[in-house]
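S.K.: need the 3D shape of this:
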Amino acid sequence: MQRWVAACAAGEKPGELEFRALLPDGSVRVLSGRGELMSGAGNKPAVMAGTVQDITARKRAEEALRQKAEALRASNDELEQFNRAMVGRELRMIELKQEINELCGRLGEPPPHPMDQFQTGRIPGAGPAPPPGGGGA
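M.R.: Here you go, the predicted structure:
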């Protein structure tokens, strides 16, 4: 706080100052102060005028939000890694089925794995295909 008063005395405009205060009951509060140093005779600092506001609840809420955001980021990273692993596995399975089908074709046997859903973008079990021309509402 002394640096803040010194900055005001030097003519700087330090803006808002946040600081912690230890109360007689042992609790700590976060305070926000705004003030202005008023000059007296001989342009010397005479009075500090301003306001102090208790922002402890806001700071706690900001910290809780920061922690939740970090937890969500970590969870999202895990989900993205899992998704990449699953998509990679599924793509490899499609490649293997294609290779098996090609080998069966070379042997003159019918392909055991239908691949038309991969060519049309349809997912097996997803219900009937939409009518040609997009026939929707």
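S.K.: surely residue 51 is in contact with residue 35?
M.R.: Yes: Residue 51 is within contact range of residue 35, at 7.3 Å (criterion: CB atoms under 8 Å). C-beta here means a position set from N, CA and C on the backbone, and glycine is covered the same way.
S.K.: who's more crowded, these two?
M.R.: Comparing residue 51 with residue 35 by other CB atoms under 10 Å, the one with more neighbours is residue 35, at 18 against 8.
S.K.: now the helix or strand hosting the more buried one: buried residues?
M.R.: Assigned by DSSP states H and E, residue 35 belongs to strand 28-39. For strand 28-39, the neighbour count (16 or more other CB atoms under 10 Å) marks 30, 31, 32, 35, 37 as buried.
S.K.: before we move on, what about stretch 52-69?
M.R.: Result for stretch 52-69 [16+ other CB under 10 Å]: buried residues 55, 56, 59.
S.K.: which of the buried residues of strand 28-39 lies closest to residue 102?
M.R.: Nearest to residue 102 among the buried residues of strand 28-39 is residue 30, at 68.5 Å by CB to CB.
S.K.: isn't that closest one up against residue 54?
M.R.: Yes: here residue 30 reaches residue 54: they are 7.4 Å apart, a contact under CB under 8 Å.
S.K.: now do the strands in this structure.
M.R.: Under the criterion DSSP state E, the chain contains strands at 17-22, 28-39, 45-54.
S.K.: take the ones you listed and write them to a markdown table, including mean pLDDT and distance to residue 114.
M.R.: A markdown table is the format used below for the strands of the chain (pLDDT from 0 to 100; distance: least, CB to CB, whole Å):
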| stretch | mean pLDDT | distance to residue 114 |
| --- | --- | --- |
| strand 17-22 | 89 | 66 |
| strand 28-39 | 85 | 65 |
| strand 45-54 | 83 | 69 |
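S.K.: done for today, thanks.
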